[in-house]
Structures are given as C-alpha cells and as structure tokens.
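1. the amino acid sequence is not available; the structure is as follows:
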C-alpha cells in the first residue's frame, strides 16, 4: 500500500527538512525467495556447429549499443555492461601459459602484458589482484581462490582452447568476470590428430617404430586391421567430432554418432546417423571421443560401459582424459574387451611415469598434441587475444561461456532499448520506500511481434542491473546480474503482450510492476497497490511514458523530478523559475493529468542535480502535494 503524501521523500506544503544525502544510495532492501535463474551459454561443445579453423570469433559491440545516446552525460557514467576499461588506462593482462607470438603482439598493442609461466597456485593468487585479464591454457586451474584474490579487478579470463573445465565458471559469474574461450581455431588440428591416432593405432605404427629402433624386424607381430567398411562411433558431434566424421567417411568407414544436442539435419548432411549412447558403443568397431568434461560425462566410460562394447573395439580420445575411468580401461585392455586405445589426454597431465595405462602394450599415447600444429597455435592465440581485448573494450565475444548470449543482429536491433531497460530498473528501485523490500518484479514487454520472435534476455539482465546496483555494494554487470538477483531472492517474471504496433520495431514499450511495496511517491502506485512505471524509445532516446495511473512523456536523461500537483495555470513556470534561478537546466518537461483542474503529475528532466535548497523551494510551492527527486 502506498504511503501518504506526508511520508514521501518530499511532501508539501508541510515539508520542512530532509536528511537524505542525494549522493548516497537508496536504503537497502530485503529480498525473498528467488525465481531468477542463471542462463549461461550451454557448455556442450558437442552441440556447436561445424566451422573451419579460419573462422574468427565475432564480437557483440556492447559499448556501441550505449552510444545510441552519445549526447547524454549518463551514458558514459552508468551504462557499462561489462565494466569496460577506460581507453586512458592500459589494462594489465597476465598470460600464465605459452601463447603464440601473433596473439601476444595483439595483446601488447592494447595493454601491458605480463608473461609468467608455471606459476604455483599461491603465486597466481598473489599476482592476480593487479591484473584485468588472465589467459590460460589447460594447465592452470582458475578456481574460486583466484577470483577471491582478484578482489573484483579481474574482468575476463581467456581459455586458449575449447575446454573450460579448469575454470570455475560459478565463481567467475559470482564475481562478474567474463570467461571466453577459443573454440574454432584448433578444430581442424584436433580432428586431424584424432584421425592420425585412429590410423596409427589400426596399423600399430608406434609399436612397430619402437620395435625397429630396438633392432628388431617383427612383421608378423604388428599385423593391423583395415578401416574400410568398419563402423566408427563419434561420441560428441560438435566442431571436432563432425570434422573427424567427414575424414572418416573419406577413409571408407561407416560413421554413426551420439550427441543429445546435435541437430539431425546437420548430421544427415554429412552422411552420419545419430543414435543412442548404448547403440553407438555396442555396434562400433572404433569409438572416437569428442565430448566435454562435465559432471554427467565424468568417467562415463567405465567398467559398465566397456562391458557393453563390441568385443575387441578400439578407443580414441582427443577430448578430455576425465571422461574415461583409466583403471577400468586398463582392465578392459587386459581382458581383451577393448583391443586397443589411442590417447592424447589423461586425467592427470602429465600422467605418472609408472602409469599402467601409458605403459600398456596395446595403448598408443601422445602428450596432449591435439591442437599442437603451428597453424592452430597461432590461430588460437589470435582468437583468444581478440576475445580478451574485446571484453576489456566492453564488447561481448561470441565465445563467452558465462553470459546471456544474444546474436549480434538481435543486439543491434535492441540497442536503443538496452539503456531504457536499465533506467527503468533504476527508477523503480528509487520509487520504493526504504525498509519495505522488493519481493517481486514483473516486466511486461508490449510488442507487435510474436513472443517467439522477441529475445528479451539482454533486456531482463539490464533491468536486473538497474534494480540491484543502486542498493548493492557489489558491482553488477551483464555477467552476474541474474546470479546476484537469485542470491538476493529477487523474483523477476516476464510477460509479453502482442499489440498492434509496427513489427519492424522489436519493443513498443517496457513496463515494470513492483508488488507488495510502499512508495516514496504515492502517485506511482495504481489502484491495485502496485508501483508501475513504463517507458518507450522515441527517436532513439529512452522516454518515461507512464507513472502509476498518469501518462507522462519525459526523456530519461540526467536527473528527474516527479511532482504531484493541483492542475492549475502557472505551475510549469513556477518550478522552471526555481530551477533556472539555481542554474539547473531543464532538458524536458511533461504534464499528465487525470481530469482537468484536478490532479496532475509533472515530470521534469534536468541536466544538473539540484542542491538541497533548490529542492526545498520546490517542495514549498503551495500547489505541489508531493514530489520526488530521482537520480538516473
């Protein structure tokens, strides 16, 4: 229920004093159980579409989105989506594992690059607090302790490769740190290495080579098997898996694949049949692993799995060592259930020197060489350097793995609405009276498009940022907005309303409804007892169009005063004179009323922030019943 006008931030004519500092944050709010969920990009590399190694990651220019309102001062101050580094300050980038020279050159052109290899966990934590970005390969563990030691400075972690199992994504998200990888540059190299292991294992190349170098000539001992007509099961039909399938088809093999995320039409286009997990492993002569390491895939190849395989099957792994139970594989090799294995990756890297698996006579091993070609190393270095520099510039790479992903074309279209969304969130939280607590927020998007043709994830994230950041000590950005809302118990629901509006404009208006709260400005509360504000974009600029039951039209730039007044002549002049006498420039003014000569709301946009004396004079105008100052 709304508070009375005498309990508003400024109420007139009885207003005498106020103790709120206009530079301080609004009072802290309490939160209830959350229904907001974190929606990072799925981490199943197997679901990615095939692409060549020459592809570069595309950037979503988040900073350019905010330049829609370049003439407005608040853009540069408040609309950082990823907390971009100021161009006047050179970022510090820690490269913790070897990176190709082309990538290093790109990084050096942007910031201060510190190359420090083979750091202990303690040394990494000691260095990270002075770094804006960190680049690793697979050997460095970026755990929660690293993010805690960064003390909020670390903006981006770049993984030079595909897998991100050595980065604690949950911790990165909590601390608002973007994580990017380089999934395309080493695709062909990894696929080629998978085929190399397949063919060398089938023909006992490594064993025969060692035998000859030992002075032996054992032709009969190293008789191999042919590949033509054999069935290869590709487990994980993403970028690498699909490229392996293409090459295996060229060798005359029958190829099947298992991947719960791969589209059937893409597999069919390559001539590959998608089958169930059990069908794949029970019918294949060769099994090639290309799945990510996740809780569901950890040790998925175990005693039970090997027992289901076609006896004498052969296994290739250029994905992640952890998807195989290595002790179980040794038992399967000893029993003959698995005839041979060719492994490029291991649970522990490097593996122990006395590893039974590495030393097994029927196992061919290489030291994680999947991406180790000159071309791939340079490609990965450039790809990850571009992604990291882009993130430091406030851009969101298409390879980001812990942020709401929005296609570039969608973001370009939504550009003017991004700032509107954050400003409406900031307005909503400032209209709530301190101590009552925001428990739930409903966001209503009115659009001429069907719900399936409107991606609102970015808008929701920015509304969340606008609501939480003014009342939180934590910095909120696009990465951690949803997570922080969930932690604070803020329920955010979305509703899409189809209206008769031009479909070329994605959103006709955005409305925010806050329930079960008291308001600092009673007129913002509808008959249903809800605080309601609504905005739209006009000529590329966000405007406030509704407060409570009153229609207004004011540009959301700088600062805003909302006044409830008696509808009578001269009100605009009186308030305008007070502001002008105190050197406050009015950039926009609008009056909305219910009935003629009854009640009206005056919305005033200002370039400057009025001082306390100026606000006091406005509150002393007899016809003004209540008003509130809002800092945008």
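-> In hand now; what should we look at? This is a predicted model, so every value here is computed, not measured.
2. alpha carbons only for contacts and neighbour counts from here, please
-> Will do.
3. isn't residue 420 right up against residue 534?
-> No. The criterion here is CA atoms under 8 Å, and residue 420 misses it with residue 534 at 9.8 Å.
4. so where's the stretch 451-600 of the chain uncertain?
-> 473-475, 593-598 (pLDDT under 70).
5. going along the chain, name the helices of it.
-> Remark: helices assigned in the stretch 451-600 of the chain by DSSP state H, counting those that start in this stretch are 457-468, 481-487, 571-581.
6. give me the distance from the second one to the chain's centre.
-> When distances are taken as CA atoms, centre = their mean, to the nearest Å, helix 481-487 is centred 13 Å away from the chain's centroid.
7. with the last one instead?
-> Helix 571-581 has its C-alpha centroid displaced from the chain centroid by 46 Å (CA atoms, centre = their mean).
8. for it, packing partners?
-> strand 586-593, helix 612-619 (3 or more CA pairs under 8 Å, 6 or more residues apart in numbering; DSSP states H and E).
9. quick revisit: can I get the helices of the stretch 451-600 of the chain in CSV with distance to residue 543 and mean neighbour count?
-> Output for those, formatted as CSV (distance: least, CA to CA, whole Å; neighbours: other CA atoms under 10 Å):
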stretch, distance to residue 543, mean neighbour count
helix 457-468, 15, 25
helix 481-487, 23, 24
helix 571-581, 19, 15
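10. which helix or strand contains residue 237?
-> Using DSSP states H and E, residue 237 is not contained in any helix or strand.
11. look up phi and psi at it.
-> Here is the backbone geometry of residue 237 (degrees, to the nearest 10): phi -100, psi 50.
12. so it touches residue 259, yeah?
-> Yes. Contact criterion CA under 8 Å: residue 237 and residue 259 qualify, at 5.7 Å.
13. okay, angle between the lengthiest helix in the chain and helix 457-468 too, please.
-> Counting residues, the longest helix found in the chain (DSSP state H) is helix 408-431. Relative orientation of helix 408-431 versus helix 457-468 (axes from the mean of the first three to the mean of the last three CA atoms, to 10 degrees): 20 degrees.
14. between residue 237 and residue 259, tell me which one has more neighbours.
-> residue 237 (33 against 22; other CA atoms under 10 Å).
15. separation between the more buried one and residue 308?
-> Taking CA to CA, to the nearest Å as the measure, residue 237 falls 21 Å from residue 308.
16. thinking again about what came up before, would you list the helices and strands packed on helix 571-581 in CSV and tack on mean neighbour count and distance to residue 542?
-> Output for the helices and strands packed on helix 571-581, formatted as CSV (neighbours: other CA atoms under 10 Å; distance: least, CA to CA, whole Å):
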stretch, mean neighbour count, distance to residue 542
strand 586-593, 18, 12
helix 612-619, 18, 25
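17. on that earlier part again, quick check: which of the helices of the stretch 451-600 of the chain is nearest to residue 373?
-> For these, the distance to residue 373 is smallest for helix 457-468, at 38.0 Å, taking CA to CA.
18. in terms of secondary structure, what does the closest one contact?
-> So helix 457-468, by 3+ CA pairs under 8 Å, 6+ apart, packs with helix 408-431, helix 481-487.
19. where does pLDDT dip in the protein?
-> If you take pLDDT under 70 as the line, the chain has these spans: 1-88, 396-397, 404-408, 434-436, 473-475, 593-598.
20. according to the record, where do the domains of it fall?
-> 92-181+377-393, 186-216+224-365, 406-548, 555-631 (the TED database).
21. start to end distance for the longest one?
-> Distance between the boundary residues of domain 186-216+224-365 (CA to CA) amounts to 20 Å.
22. count residues in the vicinity of residue 343, would you?
-> Neighbour tally, residue 343, other CA under 10 Å: 26.
23. ok, it touching residue 363?
-> Yes. The pair residue 343 / residue 363 is scored as a contact, 7.4 Å apart, by CA under 8 Å.
24. residues in contact with residue 106?
-> Each residue near residue 106 by CA atoms under 8 Å, 6 or more residues apart in numbering is listed here: 382, 385, 386.
25. now do it against residue 381, distance only.
-> 9 Å.
26. now do residue 158
-> 10 Å.
27. equivalent analysis for residue 586, please.
-> 51 Å.
28. same thing with residue 300?
-> 31 Å.
29. neighbour count for the two, which is higher?
-> residue 381 (26 against 17).
30. how about the strands in the stretch 101-250 of the chain?
-> Counting by DSSP state E, counting those that start in this stretch, one finds strands in the stretch 101-250 of the chain at the ranges 112-115, 133-136, 156-159, 178-181, 231-235.
31. for these, which one sits closest to residue 483?
-> Once the strands of the stretch 101-250 of the chain are compared by CA to CA, strand 178-181 is nearest, at 13.2 Å.
32. and that closest one, what does it pack onto?
-> strand 156-159, helix 169-174, helix 374-392.
33. select, out of the ones you listed, the one closest to residue 480.
-> helix 169-174 (5.3 Å).
34. contact partners of the closest one?
-> Here helix 169-174 makes contact (CA under 8 Å, 6+ apart) with 143, 144, 147, 178, 179, 402, 479, 480, 483, 484.
35. how near is residue 576 to residue 491?
-> 39 Å.
36. do the same with residue 181
-> According to CA to CA, residue 181 stands 31 Å off from residue 491.
37. quick one: which of those two has more around it?
-> Taking other CA under 10 Å, residue 181 and residue 491 do not tie; residue 181 has more neighbours (28 against 19).
38. run through the bridge partners of the closest residue in space to the more buried one that isn't next to it in sequence.
-> The shortest distance from residue 181 to any non-neighbouring residue, by CA to CA, 6 or more residues apart in numbering, is to residue 159 (4.6 Å). Residues in a beta bridge with residue 159, per DSSP bridges, are residue 136, residue 181.
39. list the contacts for residue 159?
-> Contacts of residue 159 by CA under 8 Å, 6+ apart are 135, 136, 137, 138, 179, 180, 181, 182, 384.
40. just curious, which of those is nearest to residue 562?
-> The closest of those, once distances to residue 562 are taken by CA to CA, is residue 179, at 41.3 Å.
41. from residue 121, how far out is the residue lying closest to that closest one once chain neighbours are set aside?
-> In space, residue 179 comes closest to residue 157 once its chain neighbours are excluded; the distance is 4.8 Å by CA to CA, 6+ apart. Here the criterion is CA to CA. By it, residue 157 lies 16 Å from residue 121.
42. next: residue 315.
-> From residue 315 to residue 121 the distance is 34 Å (CA to CA).
43. dump the contacts of residue 106 into TSV; add neighbour count and distance to residue 267 as well.
-> Output for these, formatted as TSV (neighbours: other CA atoms under 10 Å; distance: CA to CA, whole Å):
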residue	neighbour count	distance to residue 267
382	26	30
385	28	32
386	22	31
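44. out of these, which comes closest to residue 221?
-> Minimum distance to residue 221 across the contacts of residue 106 is 45.6 Å, recorded for residue 382 (CA to CA).
45. and stretch 146-165, how far out from the chain's middle?
-> Taking mean C-alpha positions (CA atoms, centre = their mean), stretch 146-165 and its chain are 13 Å apart.
46. can you give me the buried ones in it?
-> Of all the residues in stretch 146-165, those buried under the rule 16 or more other CA atoms under 10 Å are 146-150, 153-165.
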